[in-house]
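>>> for reference, the sequence and a predicted model appear below.
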Amino acid sequence: MEKIEVEEMLACDAPNDMKREEGFVGNLKYGVVGILFGIVFVKAEIVSWFRIQEMFRLQSFHMYGVIGSAIVVGMLSVWLIKRFRIKTIAGEDVVFHPKKFYSGQIYGGLLFGLGWAITGACPGPLFAQIGSGFVVVLVTLLSAIAGTWVYGYFRPRLP
Amino acid sequence: MELLKLIRQPWPWYVAGSLIGLTVPALLLIGNKSFGISSSLRHICAACIPANIPFFKYDWKHEIWNLVFVAGILIGGFLAGQFLANPEAVQISPQTVADLKALGIQDFSGLMPGDIFNVANLFTLKGLVFFVLGGFLVGFGTRMAGGCTSGHSIMGISNLQWPSLVATCCFMAGGFAMTHLILPHLMKLF
């Protein structure tokens, strides 16, 4: 049981695999990527509740196009990095994490989907919605943090 | 300023999708970071309210880049909303407008329906459903699934991980169920 715990810990969905410590200034570059990312979110209207409704009603190609092309570009990039063993700017090998299947991906996935259609946002757009002036979404974010916490609390008894 | 005019318009899907896809190699190459956003919620729990729960007992400071990243998303949202905003209403499909009107939504002027995402609704049943319940499901569901649209659908599938494809199909199934089976009944409550 302990061993699984450690493995899961490493398999956190967005781990930091850089060996060297980066410090405050080093971390700012992720803030810059975040800013560009937030601008794309708003400008492509991915943060729009209307766009998410349109997607789940199959009435527009927009969101499918966005997610689909993001996956194609991501896939090609990962393939190139692996194929040519491209290293990070610090000269380290890029680390990839295989995902292990467990039933929580199904149950949790369905629950997240229900919430996605209500809030019109996955976790990323939540932050961009708040930034772009929908202050009330702060409550949604706090509730999402609470949801994460409650999952952590009941985790030993959940799939 | 032709360029600014172009930027202010809504960006086409292939521009936005490509830029989002490029986040994957960008994060990997500048610092060996796997793309994922919902983990930021876990780090906030670990930093603020760990409460001795094993799931939140880890070195969150090692993952602080993720919190800087989401803070950047918030600032980016502010900059885009403040300086690059599209003056027109969101051009959604007329069918969606008709469907949503039938559900009682009237304000189509902004990125979000003003008649729902409004501070005045905070302490109403509408607020409880759209903010509190919706947010809770997003936070609980993504953590249980081990990722969200970014960690599974984009990073996971890009890395050819089939469990991420399963999770993505479940995200979509949940969304379809809410939109078509539950939302029509929820909207009757208000």
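Looks like it arrived, so ask away. Numbers count the residues shown, from 1 in each chain, chains lettered A, B, ... in the order given.

>>> as a check, name the ranges of all helices in the chain.
Reading this off chain A. Remark: helices assigned in chain A by DSSP state H are A:2-10, A:23-43, A:49-56, A:62-83, A:104-119, A:123-131, A:137-154.

>>> that's the wrong chain, I wanted chain B
Using DSSP H, helices in chain B cover B:2-8, B:13-31, B:39-48, B:64-83, B:94-102, B:125-127, B:134-145, B:157-158, B:162-177, B:183-187.

>>> what's the least confident stretch among the ones you listed?
Ranked by mean pLDDT, those bottom out at helix B:2-8, with a mean of 85.

>>> outline the domain layout of chain A.
With domains defined by the TED database, chain A comprises A:18-96, A:100-158.

>>> tell me who's in contact with the most centrally placed residue in chain B.
Central residue of chain B (C-alpha atoms, centre = their mean): B:Thr149, 8.0 Å from the mean position. Counting by C-beta atoms under 8 Å, 6 or more residues apart in numbering or on different chains, B:Thr149 touches A:Ile67, A:Cys122, A:Gly124, B:Thr168, B:Phe171. In this view, the C-beta of every residue, glycine as well, is placed from N, C-alpha and C.

>>> go again using 10 Å as the cut-off
A:46, A:67, A:70, A:112, A:116, A:121-125, B:20, B:36-38, B:142, B:155, B:167-168, B:171 (C-beta atoms under 10 Å, 6 or more residues apart in numbering or on different chains).

>>> ditto for A:Ala90
Counting by C-beta under 10 Å, 6+ apart, A:Ala90 has contacts A:Met18, A:Lys19, A:Arg20, A:Glu22, A:Gly26, B:Leu29, B:Ile30, B:Gly31, B:Asn32.

>>> now, of these, which are buried?
A:Met18, A:Glu22, A:Gly26, B:Leu29, B:Ile30, B:Gly31, B:Asn32 (16 or more other C-beta atoms under 10 Å in any protein chain shown).

>>> and these as CSV, adding distance to A:Met63?
Below are these laid out as CSV (distance: C-beta to C-beta, whole Å):
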residue, distance to A:Met63
A:Met18, 32
A:Glu22, 34
A:Gly26, 34
B:Leu29, 27
B:Ile30, 28
B:Gly31, 29
B:Asn32, 30
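
>>> pick out whichever of those residues sits closest to A:Thr140.
Nearest to A:Thr140 among those is B:Gly31, at 29.2 Å by C-beta to C-beta.

>>> ok, the residue nearest to B:Pro25 when sequence neighbours are not counted - contacts?
Using C-beta to C-beta, 6 or more residues apart in numbering or on different chains and skipping residues adjacent in sequence, the residue nearest B:Pro25 is A:Ser77, 3.8 Å away. Contacts for A:Ser77 (C-beta under 10 Å, 6+ apart) come out as A:Ile86, B:Gly21, B:Leu22, B:Thr23, B:Val24, B:Pro25, B:Ala26, B:Leu28, B:Leu29, B:Ser158.

>>> about what we covered before: I'd like the helices of chain B as a markdown table, with distance to A:Val150 appended.
Below are the helices of chain B laid out as a markdown table (distance: least, C-beta to C-beta, whole Å):
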| stretch | distance to A:Val150 |
| --- | --- |
| helix B:2-8 | 41 |
| helix B:13-31 | 29 |
| helix B:39-48 | 10 |
| helix B:64-83 | 20 |
| helix B:94-102 | 31 |
| helix B:125-127 | 19 |
| helix B:134-145 | 6 |
| helix B:157-158 | 28 |
| helix B:162-177 | 18 |
| helix B:183-187 | 22 |
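
>>> count of residues packed around residue 15?
Looking at chain A here, since you left the chain open. Using other C-beta atoms under 10 Å in any protein chain shown, the number of residues around A:Pro15 comes to 19.

>>> wait, chain B
For B:Val15, the number of neighbouring residues by other C-beta under 10 Å comes to 15.

>>> once you drop chain neighbours, what's closest to it?
A:Ala44 (7.4 Å).

>>> what is the burial count for A:Val25?
A:Val25 has 7 nearby residues by other C-beta under 10 Å.

>>> over to the one 3 residues further on?
For A:Leu28, the tally of surrounding residues (other C-beta under 10 Å) stands at 13.

>>> unless I'm mixing things up, it is touching B:Ile64, no?
No - between A:Leu28 and B:Ile64 there is no contact under C-beta atoms under 10 Å: 11.2 Å.

>>> still on that earlier bit, show the pLDDT at the residue nearest to B:Val15.
Taking A:Ala44 on its own, its pLDDT is 93.

>>> tell me the contacts of it?
With C-beta under 10 Å, 6+ apart, A:Ala44 has these contacts: A:51, A:62-63, A:65-66, B:10-17, B:19-20, B:80.

>>> next one: A:Ser103
Contacts of A:Ser103 by C-beta under 10 Å, 6+ apart are A:Leu158, A:Pro159, B:Met144, B:Val166.

>>> ok, now B:Phe131?
Neighbours of B:Phe131 in contact, by C-beta under 10 Å, 6+ apart: A:118-119, A:136-144, B:116-117, B:121-122.

>>> who wins on neighbours among the residues you listed?
Going by other C-beta under 10 Å, A:Ala144 tops the contacts of B:Phe131 with 34 neighbours.

>>> ok, so what distance separates that one from B:Ala177?
19 Å (C-beta to C-beta, to the nearest Å).

>>> surely A:Trp53 meets A:Thr119?
Quick fix: residue A:53 is Gln, not Trp. No - using C-beta under 10 Å, A:Gln53 is not in contact with A:Thr119, being 11.4 Å away.

>>> and stretch A:47-59, what's buried?
Buried-residue list, stretch A:47-59, by 16+ other C-beta under 10 Å: A:Val47, A:Ser48, A:Trp49, A:Phe50, A:Arg51, A:Ile52, A:Gln53, A:Glu54, A:Met55, A:Phe56, A:Arg57, A:Gln59.
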